[in-house]
Each structure stands twice: as C-alpha cells, then as structure tokens.
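# Take this sequence and fold it.
(one chain, ligands or ions: 1)
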Amino acid sequence: MKLRDRVFIFFINPIFSIIKDYISVNNVGLANDPDFLHEIDLELNANILIVNTLPISILSAAILPQMIKSNAGIIINISSGGGAVAFPYFSIYSSTKAYINHFSKILRSEYSNTNIIIQTISPGHVATNMSSEKISYFSPSAKEFVEDAIKTIGFVPETAGCIPHQIKAAFGMLLPHFMIEFLIKNFAKKMKDAAKIRKQNETKQQ
Ligand SMILES: NC(=O)c1ccc[n+]([C@@H]2O[C@H](COP(=O)([O-])OP(=O)(O)OC[C@H]3O[C@@H](n4cnc5c(N)ncnc54)[C@H](OP(=O)(O)O)[C@@H]3O)[C@@H](O)[C@H]2O)c1
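Model (predicted):
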C-alpha cells in the first residue's frame, strides 16, 4: 500500500468522517436555456423552482441541530451572480438564486451568536455542463473555481468565489442601475440567440 493511501485511510478518512457531519455544501442547481417565461417548458420551470430552493431549505433545517449542539459547522450555499440582478430570460432561475441569497442572509442573522459559518457563493460563468462555456479567465474550470472559493470560507459571508468573478461583481456595483439593466439585457439576449443557434444545430445533427 502506498504511503499516500495509508495516510488517507488512517488519518484523513477518520477526520473526514467526523467533520463531514458539520459541513453542508448546497450546490445542486438546475437552469433553463435563456428564453421568455412562457416559452420554457412548464415542467422544467417547476423543476428549477423546486431543485434550486427546496433541498437547500430542508437540508439546512435538518443539519442545523447537530451544528448547534457542537457549536460548529459550515453551510455553503451556491447561488449565482444572476441572483443579485433581475436577469431576463432566466426569470425563475434568477429568482431562485435571489431566494438563496435572502435565505442565507436570514440564517446568518438567526445563528449569529454561534460559531456556525453560513456562506453564500455567487459565481459568474464557470465552465461546466450548465454554462456550456469554454475555459477562459472569466470562465474558470470547476476545479479552479473551487480551489479559489474554498480559500474564502470563514473570511467573507458573501463572495463571487474567485477573483475574476469578484472583479466583474465589483465593476457591476459601480454602475448606475439603468446601465446594469441595459448591459444585462444585451448579454442575456446574446445568450438567448446563442442557445437558439445551438438548439437548431443539435436538431439538424439528429
Ligand atoms: N456553471 C455556471 O456558470 C454557474 C454560474 C452560477 C452559478 N452556478 C451554480 O453552481 C451550481 C453547480 O452548477 P454546475 O455549473 O456545476 O452545473 P451542472 O454541471 O449542471 O451540475 C448541477 C448539479 O446539480 C445536480 N442536479 C440537477 N438537478 C438535479 C436533481 N433533480 N436531482 C439531483 N441532482 C440534481 C446535478 O446532478 P447530476 O450530475 O446527477 O445531473 C449536478 O451535480 C448550481 O447551483 C448553479 O446554479 C453555476
């Protein structure tokens, strides 16, 4: 057996089995291709609403008693940059992410006299199945993103998770509301057109 495996089995594994009961990462998420609300499949709309809000709420409620008992724990809620702004063509997705931001803020207030850390991470684009983005400076891989985001735990209650996304978020905060609305709508329209072309190409290939 390799030394690395021995270290894992005898040290890391037992430690992890103890601390895993005190860490909850609510990452599950579902999104639509950008479109008008009435053009999105009803069942998909319902699923986005449920998948993005129900588990985070119920799992937090379920795990908190043991965290309170030991006065320790970390809850990480994965939101989205799209939860901070009203994002056209992502009506339900954007609203569910605003729910996550609001919910996490309330929990932080409720449990502020404990040592439980409740953090919201609101990424911009990450190159995953959901975004269909290629890896770039502003679209890191999931691994790169997590490596950065993990360093912020315990330091900031709300973060974009990595420097490129934090730069974008900070830049957005400097702009007046009408300008943000204009930029977001243009950006969302481009995403909507790109998704339409992608769908047409997929249909042609079938
Ligand atoms: N990628 C981005 O650009 C981006 C930007 C902002 C925020 N986010 C957020 O980051 C989180 C992770 O997203 P991602 O980019 O990694 O997307 P992803 O690649 O599509 O992964 C989504 C995850 O959610 C799970 N999931 C979806 N529906 C489910 C269901 N009904 N039951 C059980 N599991 C379900 C998927 O499980 P399976 O693998 O089993 O399907 C998968 O593990 C999400 O909350 C998303 O909103 C992503």
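
# Make sure residue 119 is indeed in a helix.
No. Assigned with DSSP: H, G, I helix; E, B strand; the rest coil, residue 119 falls outside any helix and is strand.

# isn't it right up against residue 157?
Yes. Using C-beta atoms under 8 Å, residue 119 makes contact with residue 157 at a distance of 5.9 Å. C-beta: built from backbone N, CA, C; applies to glycine.

# and for the two, which residues touch both?
Shared contacts of residue 119 and residue 157, defined by C-beta atoms under 8 Å, 6 or more residues apart in numbering, are found at residue 104.

# Those two: who's more crowded?
The residue with more neighbours, out of residue 119 and residue 157, is residue 119; 22 against 13, by other C-beta atoms under 10 Å.

# Which strand or helix spans residue 199?
helix 177-205 (DSSP states H and E).

# just checking, what packs against that helix?
Helices and strands touching helix 177-205, as assessed by 3 or more C-beta pairs under 8 Å, 6 or more residues apart in numbering; DSSP states H and E, are absent.

# so where is this structure shaky, pLDDT-wise?
1, 3-4, 7-8, 11-20 (pLDDT under 70).

# Please, where are all the helices along it?
Using DSSP state H, the helices of the chain run over 3-7, 13-19, 42-70, 91-110, 142-149, 163-174, 177-205.

# hmm, back to that, list the buried residues of the helix holding residue 199.
180, 184, 188, 191, 192, 195 (16 or more other C-beta atoms under 10 Å).

# Need the winner for burial among the helices of the chain.
Of all those, helix 91-110 carries the top mean neighbour count, a mean of 18, counting by mean count of other C-beta atoms under 10 Å.

# what packs against that helix?
Packed next to helix 91-110, using 3+ C-beta pairs under 8 Å, 6+ apart, are helix 42-70, strand 74-78, strand 117-121.

# What about the closest residue to the ligand within the chain, how many residues nearby?
At 2.2 Å from the ligand, residue 29 is the closest residue in the chain, using C-beta to the nearest ligand atom. By other C-beta under 10 Å, the residues close to residue 29 number 19.

# Quick check: closest non-adjacent residue to it.
In space, and not counting its chain neighbours, residue 29 is closest to residue 52: 5.7 Å by C-beta to C-beta, 6 or more residues apart in numbering.
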